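In: Whatever this is, show me its structure:
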Amino acid sequence: MSTPRTETPSIDARTAPYAALLLRVGLGAMLLAHGLLLKVVTFGVAGTAGYFQSLGYPAVFAYLVILGEIGGGLALILGVWTRWIALLMLPILIGATLQHLGNGWVFSAKGGGWEFPVFWIVALVVQALLGDGAYALRPAFLTGRSARLGAAVTETR
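Out: Prediction:
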């Protein structure tokens, strides 16, 4: 009788950094779209603050979310502090999930559903586990490298 064979998960080390890059840039672009295009350009900062207040939150939360989404989006796109930024975005997305829970599953439902923010949470956790990926801008003081320009940009981790 043969024993069952257990396989080690196969991750292609050659392409994984580029997968992390695509996820990082995609998440960053979505954060920018929600923070800058939706909350600043479409609704306006005052309108977004008013909406947060209508939900029972202090207006300052709107400013923090806008700052978090824009700053976090840019940091992810550039690959700066990727793991920490992905984790720091979680409270924003947990708040969005809680806000949409009562609307049901489908995001196209009135008020938007909860599946999109939950998927976003999962993707941010995956990004935090993966790290920077390819073409990340890493501050020299964090990498232990010299401060010269070329030392701050690395292709892979």
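
In: and the helix or strand where Ile92 lies, average pLDDT?
Out: Ile92 belongs to helix 90-100 when assigned by DSSP states H and E. Helix 90-100 shows a mean pLDDT of 95.

In: From the contact counts, what lies against the very next helix or strand once past it?
Out: Secondary structure here is assigned by DSSP H and E; on that basis, the next helix or strand after helix 90-100 toward the C-terminus is helix 115-130. Helix 115-130 is packed against helix 16-32, helix 82-88, helix 90-100, with contacts defined by 3 or more CB pairs under 8 Å, 6 or more residues apart in numbering; DSSP states H and E. Any C-beta I mention is one placed from the backbone N, CA and C, and that applies to glycine too.

In: Provide a list of residue ranges in the chain with pLDDT below threshold.
Out: Under the criterion of pLDDT under 70, the regions of the chain flagged as low confidence span 1-5, 139-157.

In: go again using 90 as the cut-off
Out: For the chain, the stretches with pLDDT under 90 are 1-11, 100, 102-113, 138-157.

In: what is the orientation angle of the longest helix anywhere in it with helix 16-32?
Out: Of all the elements of type helix in the chain, the one with the most residues (DSSP state H) is helix 59-78. Helix 59-78 runs at 150 degrees relative to helix 16-32, counting by axes from the mean of the first three to the mean of the last three CA atoms, to 10 degrees.

In: in helix 59-78, what's buried?
Out: Along helix 59-78, these residues count as buried under the neighbour rule (16 or more other CB atoms under 10 Å): 61-62, 65-66, 68-78.

In: and it, what does it pack onto?
Out: Identification of packing neighbours for helix 59-78 by 3+ CB pairs under 8 Å, 6+ apart yields helix 16-32, helix 45-54, helix 82-88, helix 90-100.
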